[in-house]
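*Asks:* Provide a 3D model corresponding to the input given below.
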Amino acid sequence: MLENIRLAFQGIWSHKMRSFLTMLGIIIGIAAIISIVSTIKGTNEQIKKNLIGSGNNTVEVTLQESGSAYDMEYGGIPQGVPVLDEETRKDILDVDNVEDAALYNYRDISDGIYYQSQSLTSGKIYGTDENYFSTCGYQVKSGRLFVDRDFENYRKVVILDTDAARNLFQDKDPIGQTIEIKGEPFTVIGLVEETGNYEIVINSVEEYYNYMTDSSGGVFIPATTWPIIYRYDEPQCVVARAATTEDMNDVGQAVAKILNNNLTTENDSLKYTAADALERAQDIQDLSSTTNQQLIWIASISLLVGGIGVMNIMLVSVPVKSV
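*Replies:* Residues are numbered from 1 along each chain as shown. Below you'll find the model as predicted:
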């Protein structure tokens, strides 16, 4: 055995160029396979990151009618859709792989939020419970979050995210300032930003428009003061945080089922539906699978051709004894 090993190393050393070319063919072929597989996996993860986000694993369950978000502004309070309570939230927390959950109302901002002469023309306003910021992964940049007294005493206080604060106040400190929401004065008590933020990759004019229309930020008020602005108690939406990105779809479906079981409406097209961000990511990944397979086949053919070349060199290097 040792003699065979010695002869092998002697043969390699005696034919340095041939040994180098043999090793080079093997190294390039294997590196090609590894590079392509790594690129495919990285692309799939980037798709998830761009469509879903990174780190918070939250899925929103909203009231929809015929596949579109139900608009309380124009449709009014829907009959047979109850206002959610803490018992419903506890049922949601009992769902497998749900780490936290929160109830909230929201409107798209088109007008009505001012600081002096400056206004917000896009973004969203939310009426949140005390669990919303922890569920969605917000951290306090300055000021404070809502406390029990804010909810119990119907305080007109507001929290801004960094985008909303920048658009309303520019470089001025917003804490303690008063803004106007639908004609009602609200005092800014906190400034928040999302943890695990990621850069969105914009590949088209449509994606740019969709991103920019929501770029003015978020405005948050206590859920108990929501009726002060919009006059009625409204059915809320739910945001739930799943244990992993892969659990988001199952969690969303389970939460939607709990909420739909409480509906008594005769409108069959009105139901709670989970956001399909993970499904859209999976659709794009499936769409690119054909291209991925072609790349793997090309790399495999390159590796096969390289292997044939290596075998050819090895055959040439074997001396033939004359009889």
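*Asks:* quick one, what contacts Ile296?
*Replies:* With contact set as Cβ atoms under 8 Å, 6 or more residues apart in numbering, Ile296 has these partners: Ile33, Ile36, Val37, Ile40. Using the backbone N, CA and C atoms, a C-beta is placed for each residue, glycine as well.
*Asks:* Now do the helices in the stretch 151-300 of the chain.
*Replies:* Assigned by DSSP state H, counting those that start in this stretch, the stretch 151-300 of the chain shows helices spanning 162-169, 205-212, 226-230, 248-261, 277-317.
*Asks:* weakest of the ones you listed by average pLDDT?
*Replies:* Lowest mean pLDDT within these: helix 205-212, at a mean of 44.
*Asks:* Pull the distance from stretch 218-228 to the chain's centre.
*Replies:* Offset of stretch 218-228 from its chain centre (Cα atoms, centre = their mean, to the nearest Å): 25 Å.
*Asks:* Flag every buried residue along that stretch.
*Replies:* Residues Gly218, Val219, Phe220, Ile221, Pro222, Ala223, Thr224, Thr225, Trp226, Ile228 are the ones in stretch 218-228 that count as buried (16 or more other Cβ atoms under 10 Å).
*Asks:* Arrange these in JSON lines, one row each, with distance to Gln294 as further columns.
*Replies:* Shown next, in JSON lines, are the buried residues of stretch 218-228 (distance: Cβ to Cβ, whole Å):
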{"residue": "Gly218", "distance to Gln294": "43"}
{"residue": "Val219", "distance to Gln294": "48"}
{"residue": "Phe220", "distance to Gln294": "48"}
{"residue": "Ile221", "distance to Gln294": "52"}
{"residue": "Pro222", "distance to Gln294": "55"}
{"residue": "Ala223", "distance to Gln294": "52"}
{"residue": "Thr224", "distance to Gln294": "57"}
{"residue": "Thr225", "distance to Gln294": "57"}
{"residue": "Trp226", "distance to Gln294": "53"}
{"residue": "Ile228", "distance to Gln294": "59"}
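*Asks:* now, which of those sits nearest Ser66?
*Replies:* Ranked by distance to Ser66 (Cβ to Cβ), the buried residues of stretch 218-228 are led by Trp226 at 25.4 Å.
*Asks:* Can you turn the buried part of the contacts of Ile296 into a PyMOL selection?
*Replies:* With 16+ other Cβ under 10 Å as the criterion, this PyMOL line picks the buried residues out of those:
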select buried, resi 36+40
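*Asks:* Can you tell me which of the contacts of Ile296 end up in helices?
*Replies:* Judged by DSSP state H, the subset of the contacts of Ile296 located in helices is Ile33, Ile36, Val37, Ile40.
*Asks:* Between all of the residues you listed, which two are at the greatest distance?
*Replies:* Pairwise distances across those (Cβ to Cβ) peak at 11.0 Å, for the pair Ile33 and Ile40.
*Asks:* low pLDDT regions in this structure?
*Replies:* Counting by pLDDT under 70, the chain contains low-confidence ranges at 43-55, 196-216, 276-292, 299, 302, 310, 313-323.
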